[in-house]
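Q: build the 3D model from these lines:
(one chain, ligands or ions: 2)
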Amino acid sequence: MASIPTEQVKDASLKHPKPNTTFTYGTAGFRLKGDLLDSVMYRMGLLAVLRSKKLNSKVIGAMVTASHNPDQDNGVKLVDPLGEMLEQSWELHATHLANSADVDVPSVLASICTAESISWSAPAHVVVARDTRSTGPKLVGAFLDGARAAGGDVTDYGVFTTPQLHYVVRALNTKGTPEAYGVPTEEGYYKKIGDAFKRIMKFGKTKFPTIHVDGANGVGAPKFKAFLPYLGDSVSFSAFNEDITDFSKLNNKCGADFVKVQQKQPENFPMTPGTYGVSLDGDADRVIFYFVKKDGTFRMLDGDTIAALLASTVSQLSQLASLTLPSGSPRVGVVQTAYANGASTRYLRETVRVPVSMVPTGVKHLHHEAEGFDVGIYFEANGHGTVLFSEGFVKAVKERGGKTPEQLAALEFLECLTDVINQAVGDAISDMLAVLAVLAYKGWSFEQWGELYTEVPNRQEKVKVANRLAFKTTNAEQELVEPVGSQDRINAEVAKYKNGRSFVRPSGTEDIVRVYAEADTRENCDKLAYTVAGIIFDHYGGVGDRPAHFVKN
Ligand code: 16G
Ligand code: MG
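A: Ligands and ions are numbered 1, 2, ... in the order given. Now for the predicted structure:
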């Protein structure tokens, strides 16, 4: 039986020495300064090969990106066969492998093979892609060294958005099966989504103004340009922030994260009342919409608003078409995190009347929970999300059980929607097209969409603490169980406000804890956020300068 090419792996390992750093496979894989990641990349090449061998030679993906972070950061995450995030139990293998001494790499590989009953003789297929960051090419090189040292067959797709990589992984693994997802190429991706968008826009009633698209000076910019010829002429787009040659501009005062956190439009972005804006993040898996009201105020439409629009539309159309699955009416459900605005949750539960599940932050948690519905809509408030349609739902829609012209139209619309949406993972561009199609179908403007519910004022704060791992949460991160007593203090504050809500959780991507607060008025919300932040800083290990606006308690 074939066995691990120990010498080959060890020799290559010495060429990618581990720095004196401790690595953790977190919410979004490994994420650090790009120049610290060489050894991690090499080892993830090895691990991807093992994962493929474990899963009967299915294709495993690796995406090299640090999303909305600046250019000096980079990261890598592994992608499972249907485009999902790496199975959680393997995060431990990844962390273990990343932290072992260079000479121990072959023996750690052997221990993973034993633990997972992996036969080394199975072939392995791996694909890799990167965003536009300056450290990307070198890091992909290290990954390829790893995959090759382990004898894997590896294809480098070059520069891709994160969702394009997920799409290709799923398309490769389903090729030639009844679940075939599409042609596993960049063009296949544009064509599949573009064709469905052209079909779905036949139903459109809204004539949108030119949509201004902020590419965050990242990979989304050139890829959106490449997408345009496939989108027809029902909507006109104009692209901004598309400089990928000056690395300092990446996500700098632009992009979905900037807009969401700052609650204002990107810089270098012309907007007057009536202009519609859309921001992608640095790897194009998050999207935020916005416009300027007639009175000049800025209005943002985030992930919660997208979920509200999609859930209400899919429910309405399924009912209109009397859609029935063998199991009965389709179960439409929404998955949110604690960051979802309380008003959006109330709107979904009380007005749309769909079940809403709360899960911890991170796509893997949302995606998994959404799989439990026939139509599982998941969005984080930050704009990352997608819709998962069950096989039964897609089949029922295609069978066109409807009778009246309205019912048939509703079913065709839903069928197109299943193809416009990238079900492999949240996809900024595909989500943008889906939202435009739904609005056009309803004959709605961004302004009308913004009237679905009224947001409760909310605020986020960051607190630097000595040890963020001392903060342990439960109930989908909405309550602290440790430090003991901290939640009682927070509860006592929250009780003072109407519609008050606040929670504290350790970040999975930065060395801080995050504070979130909501209350009936802007003033109350700010006061609650600053008081809770003050409690954490003063009583639970705040370090560095105490921010002056934190309230003493
Ligand atoms: C990562 C997650 C994102 C989450 C964010 C939270 C994935 C692919 N990405 O970017 O979903 O919202 O982390 O960051 O899972 P935080 O833990 O620092 O708040
Ligand atoms: Mg991203």
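Q: could you list the residues of this structure in contact with ligand 1?
A: Where proximity means Cβ under 6 Å from any ligand atom, the interface of the chain facing ligand 1 comprises 27-28, 67, 361-363, 380, 382, 384, 507-510, 514. For the C-beta atoms, the positions are set from N, CA and C on the backbone; glycine is no exception.
Q: out of these, which end up buried?
A: Buried by 16 or more other Cβ atoms under 10 Å: 27-28, 67, 361-363, 380, 382, 384, 509, 514, out of the residues of the chain next to ligand 1.
Q: now do the same contact list for the residue nearest to T24 when sequence neighbours are not counted.
A: Leaving out its chain neighbours, the residue that sits closest to T24 by Cβ to Cβ, 6 or more residues apart in numbering is T95, at 5.7 Å. Residues in contact with T95 (Cβ atoms under 8 Å, 6 or more residues apart in numbering) are 23-25.
Q: would you write a PyMOL line that selects the buried entries of these?
A: The command below creates a PyMOL selection of those among the contacts of T95 that count as buried (16+ other Cβ under 10 Å):
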select buried, resi 23+25
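Q: returning to what we had before: following whichever strand or helix holds the residue nearest to T24, which helix or strand shows up next?
A: Per DSSP states H and E, T95 falls inside helix 88-99. On the C-terminal side of helix 88-99, the closest following helix or strand by DSSP H and E is helix 105-115.
Q: quick one: buried residues of that next one?
A: For helix 105-115, burial by neighbour count (16+ other Cβ under 10 Å) applies to 105-106, 108-110, 112-113.
Q: and of those, the nearest to ligand 2?
A: Comparing the buried residues of helix 105-115 against ligand 2 with Cβ to the ion places I112 closest, at 28.3 Å.
Q: excluding sequence neighbours, find me the nearest residue to that closest one.
A: Computed as Cβ to Cβ, 6+ apart, the closest residue to I112 that is not its neighbour in sequence is H93, at 5.0 Å.
Q: pretty sure that neighbour contacts L109?
A: No. Using Cβ atoms under 8 Å as the test, H93 is too far from L109 to be in contact (9.5 Å).
Q: pull up the overlap in contacts between these two.
A: The contact sets of H93 and L109 overlap at L50 (Cβ under 8 Å, 6+ apart).
Q: need the buried ones among the residues of the chain next to ligand 1 in JSON lines (columns: secondary structure and pLDDT).
A: JSON lines is the format used below for these (DSSP: H, G, I helix; E, B strand; the rest coil; pLDDT from 0 to 100):
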{"residue": "T27", "secondary structure": "coil", "pLDDT": "82"}
{"residue": "A28", "secondary structure": "coil", "pLDDT": "85"}
{"residue": "S67", "secondary structure": "coil", "pLDDT": "96"}
{"residue": "T361", "secondary structure": "coil", "pLDDT": "95"}
{"residue": "G362", "secondary structure": "coil", "pLDDT": "91"}
{"residue": "V363", "secondary structure": "helix", "pLDDT": "90"}
{"residue": "E380", "secondary structure": "coil", "pLDDT": "97"}
{"residue": "N382", "secondary structure": "coil", "pLDDT": "95"}
{"residue": "H384", "secondary structure": "coil", "pLDDT": "97"}
{"residue": "T509", "secondary structure": "coil", "pLDDT": "82"}
{"residue": "R514", "secondary structure": "strand", "pLDDT": "97"}
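Q: which among these are in contact with ligand 2?
A: Under the cut-off given by Cβ under 5 Å from the ion, ligand 2 has S67 from these close to it.
Q: between the residues of the chain next to ligand 1, which is nearest ligand 2?
A: The nearest member of the residues of the chain next to ligand 1 to ligand 2, counting by Cβ to the ion, is S67 at 3.2 Å.
Q: distance of the residue nearest the centre of the chain from A221?
A: Taking Cα atoms, centre = their mean, the centroid of the chain lies closest to H384, which sits 3.9 Å from it. Separation of H384 from A221 (Cβ to Cβ, to the nearest Å) stands at 18 Å.
Q: also V59?
A: V59 is 27 Å from A221, by Cβ to Cβ.
Q: how about residues contacting stretch 236-251?
A: Stretch 236-251 is contacted by residues 68-71, 132-134, 208, 210-219, 221-222, 224-225, 228, 231, 254-255, 257-258, 266, 268-270, 281-282 when judged by Cβ under 8 Å, 6+ apart.
Q: what's the domain layout of the chain?
A: Residue ranges for the domains of the chain, per automatic domain parsing: 6-159, 192-299, 303-449, 458-539.
Q: of the ones you listed, which approaches K552 most closely?
A: Closest approach to K552 among the domains of the chain is made by domain 458-539 (5.8 Å; Cβ to Cβ).
Q: low-confidence stretches in this structure?
A: 1 (pLDDT under 70).
Q: who in it is up against ligand 2?
A: So the chain meets ligand 2 at 67, 281, 283, 285 (Cβ under 5 Å from the ion).
Q: R43 touches L97, doesn't it?
A: Yes. Counting by Cβ under 8 Å, R43 touches L97, with 4.9 Å between them.
Q: between these two, which contacts overlap?
A: V105.
Q: higher neighbour count, these two?
A: Legend: neighbour count by other Cβ atoms under 10 Å for R43 and L97, higher for R43 (30 against 25).
Q: which of the three states applies to that one?
A: Following DSSP: H, G, I helix; E, B strand; the rest coil, we place R43 in the helix state.
Q: try K403
A: Per three-state DSSP, K403 ends up coil.
Q: what about it, how many neighbours?
A: Neighbours of K403 using other Cβ under 10 Å come to 10.
Q: give me the residue from the stretch 251-400 of the chain nearest ligand 1.
A: Closest to ligand 1 within the stretch 251-400 of the chain is V363: 3.6 Å, counting by Cβ to the nearest ligand atom.
Q: so what's that residue up against?
A: By Cβ under 8 Å, 6+ apart, the contact set of V363 is 85, 380, 384, 425-426.
Q: and what of Q8?
A: So Q8 contacts A149 (Cβ under 8 Å, 6+ apart).
Q: what angle sits between the strand or helix carrying it and helix 105-115?
A: Q8 belongs to helix 6-15 when assigned by DSSP H and E. Helix 6-15 and helix 105-115 are oriented at 120 degrees to each other (axes from the mean of the first three to the mean of the last three Cα atoms, to 10 degrees).
Q: just the CA coordinates for stretch 94-113, please, in CSV.
A: C-alpha atoms of stretch 94-113 as CSV (Å, rounded to 0.1, in the frame of the first residue of the first chain):
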residue,chain,number,x,y,z
ALA,A,94,-5.5,22.1,10.6
THR,A,95,-4.5,23.9,13.9
HIS,A,96,-2.4,21.0,15.0
LEU,A,97,-0.6,20.7,11.7
ALA,A,98,0.0,24.4,11.4
ASN,A,99,1.6,24.5,14.9
SER,A,100,3.9,21.5,14.7
ALA,A,101,7.7,21.8,14.3
ASP,A,102,9.0,21.5,10.8
VAL,A,103,10.6,18.1,11.3
ASP,A,104,7.4,16.7,12.8
VAL,A,105,5.1,17.5,9.8
PRO,A,106,5.3,13.9,8.3
SER,A,107,4.5,12.3,11.7
VAL,A,108,1.5,14.7,12.3
LEU,A,109,0.2,13.8,8.8
ALA,A,110,0.5,10.1,9.7
SER,A,111,-1.4,10.7,13.0
ILE,A,112,-4.2,12.4,11.1
CYS,A,113,-4.3,9.5,8.6
